[in-house]
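> dropping the sequence and predicted coords here.
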Amino acid sequence: MTTPDPNLCFAETNSKGQGMSIEEFIIAVYCWVDDTFNDLLKGQRLRERGAMPSLSDPEVIAMELIGEFFGLD
């Protein structure tokens, strides 16, 4: 199995003729994860007890997905 090339995602151009930057990709992934997460939970909380975490669940999931996409372990 070959590892996908992360740069292929940035090769497509937008309406201005520019490719998607890494920052735009990270923001797009986070927004997608956050929207999907909220749609799935419908306002229900996953955590009932304990201290408030430093990062939200969508932030952690987005970081994991982006890290996997770029091959970071």
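Perfect, I can see it now.
> what about stretch 28-39, distance to the chain center?
7 Å (CA atoms, centre = their mean, to the nearest Å).
> show me the shaky parts of this protein.
Residues of the chain meeting the criterion pLDDT under 70: 1-17.
> cutoff 80 now
For the chain, residues meeting the criterion pLDDT under 80 lie at 1-19, 43, 45, 48, 73.
> which helix runs longest in it?
helix 22-41 (DSSP state H).
> I'd assumed Met52 was in a helix, is it?
No. Counting by DSSP: H, G, I helix; E, B strand; the rest coil, Met52 is not part of a helix but coil.
> check the burial of it by counting its neighbours.
Residues within reach of Met52, counting by other CB atoms under 10 Å, total 6. C-beta: built from backbone N, CA, C; applies to glycine.
> repeat that for Leu46.
Around Leu46 there are 7 residues (other CB under 10 Å).
> and the longest helix of the chain, C-alpha only, in PDB?
Presented in PDB, the C-alpha positions along helix 22-41 are these (Å, rounded to 0.1, in the frame of the first residue of the first chain):
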ATOM      1  CA  ILE A  22      -1.900  24.200   4.400                       C
ATOM      2  CA  GLU A  23      -3.600  26.700   6.800                       C
ATOM      3  CA  GLU A  24      -6.800  26.700   4.700                       C
ATOM      4  CA  PHE A  25      -6.700  22.900   4.600                       C
ATOM      5  CA  ILE A  26      -6.400  22.700   8.400                       C
ATOM      6  CA  ILE A  27      -9.300  25.200   8.900                       C
ATOM      7  CA  ALA A  28     -11.400  23.300   6.400                       C
ATOM      8  CA  VAL A  29     -10.800  20.000   8.200                       C
ATOM      9  CA  TYR A  30     -11.500  21.500  11.600                       C
ATOM     10  CA  CYS A  31     -14.800  23.100  10.300                       C
ATOM     11  CA  TRP A  32     -15.900  19.800   8.800                       C
ATOM     12  CA  VAL A  33     -15.100  17.800  11.900                       C
ATOM     13  CA  ASP A  34     -16.800  20.300  14.200                       C
ATOM     14  CA  ASP A  35     -20.000  20.400  12.000                       C
ATOM     15  CA  THR A  36     -20.100  16.600  11.800                       C
ATOM     16  CA  PHE A  37     -19.400  16.200  15.500                       C
ATOM     17  CA  ASN A  38     -22.200  18.500  16.400                       C
ATOM     18  CA  ASP A  39     -24.600  16.900  13.900                       C
ATOM     19  CA  LEU A  40     -23.900  13.400  15.400                       C
ATOM     20  CA  LEU A  41     -24.200  14.400  19.000                       C
END
